[in-house]
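**Student:** I would like the atomic coordinates for the input below:
(one chain, ligands or ions: 1)
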Amino acid sequence: MSTIRLGDEAPNFTAKSTEGDINFHEWLGDSWGILFSHPADYTPVCTTELGTVAKYKAEFDKRNVKVVALSVDGLESHHAWINDINDTQATTVNFPIIADEDRKVSELYDMIHPNANDKLTVRSVFVIGSDKKIKLIIVYPASTGRNFDELLRVIDSLQLTAYHKVATPANWKHGEDVVISPSISTEDAKGIFTKGVNEIRPYLRMTPQPNLN
Ligand code: BEZ
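**Tutor:** Okay, here's the model as predicted:
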């Protein structure tokens, strides 16, 4: 077991997947990445999650994000389950699923929480930046399917704030006004954010999202 924290380099690994052997860092290349775990194949919530992710491929591609799933079942089981996912969710699984039978990756990424279940992974999500650093960690219990719209929303925030001196407020969505970083004075902000600076309080300054035309 290892503890992974925000800002750490995503640990590299090699693993078998439904799209061939993966060296994680090489597979990521210059892309952003999502590594997400599932308790087990042929379980109902997981089936809906993987179907949903397959349908969101264009959204992930638009954001330069590669997606890889993982469970502790084997390749044969994964391939047969993919047929079921495609059938029941009316889609085509278009990303690799890691077969982590020896739990090497699950342990490396602390995806097994023994007080929840000592054999199966919980629903972990790791978002990895193009610099291979961990940008986000979310952990859900087996009984709660993840919200992939929220994941896209967070990736929009992560990618925006990686390149602009802004942060995103509560419930922010792509296109809405953002918060100017506290490290910038209001005077400097007026030069940087030419679409306008709304100083609600000296510490709370808003500006239109800077990377939109
Ligand atoms: C599911 O994916 O449906 C699931 C897995 C483990 C426990 C409960 C639900």
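
**Student:** got the CA coordinates for stretch 125-139 in PDB?
**Tutor:** Extracted in PDB, the C-alpha atoms of stretch 125-139 (Å, rounded to 0.1, in the frame of the first residue of the first chain):
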ATOM      1  CA  VAL A 125     -10.700   8.000  -9.600                       C
ATOM      2  CA  PHE A 126      -7.300   9.500 -10.200                       C
ATOM      3  CA  VAL A 127      -6.900  12.400 -12.600                       C
ATOM      4  CA  ILE A 128      -3.400  12.800 -13.900                       C
ATOM      5  CA  GLY A 129      -2.100  15.900 -15.600                       C
ATOM      6  CA  SER A 130       0.100  15.900 -18.800                       C
ATOM      7  CA  ASP A 131       3.000  16.400 -16.400                       C
ATOM      8  CA  LYS A 132       2.200  13.000 -14.800                       C
ATOM      9  CA  LYS A 133       1.300  14.600 -11.500                       C
ATOM     10  CA  ILE A 134      -1.800  13.600  -9.600                       C
ATOM     11  CA  LYS A 135      -4.400  16.400  -9.900                       C
ATOM     12  CA  LEU A 136      -7.500  14.900  -8.300                       C
ATOM     13  CA  ILE A 137      -8.400  11.900  -6.200                       C
ATOM     14  CA  ILE A 138     -12.000  10.900  -5.600                       C
ATOM     15  CA  VAL A 139     -13.100   7.800  -3.700                       C
END
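
**Student:** tell me the mean pLDDT over that stretch?
**Tutor:** Average pLDDT, stretch 125-139: 98.

**Student:** can you list contacts of that stretch?
**Tutor:** Identification of contacts with stretch 125-139 by Cβ atoms under 8 Å, 6 or more residues apart in numbering yields 4-10, 25, 28, 30-36, 64-65, 109, 113, 122-124, 140, 146, 151, 154-155, 158, 162. Where you see a C-beta, it was placed from the backbone N, CA and C, and this is true even at glycine.

**Student:** list the buried ones in it?
**Tutor:** 125-130, 132, 134-136 (16 or more other Cβ atoms under 10 Å).

**Student:** swap in stretch 178-192?
**Tutor:** Under the neighbour-count criterion of 16+ other Cβ under 10 Å, stretch 178-192 has 178-180, 184, 189-190 buried.

**Student:** distance to N213 and pLDDT for the residues you listed - can I get that in CSV?
**Tutor:** Converted to CSV, the buried residues of stretch 178-192 look like this (distance: Cβ to Cβ, whole Å; pLDDT from 0 to 100):
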residue, distance to N213, pLDDT
V178, 16, 98
V179, 21, 98
I180, 20, 98
I184, 22, 96
A189, 20, 97
K190, 20, 96
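
**Student:** okay then, goodbye and thanks.
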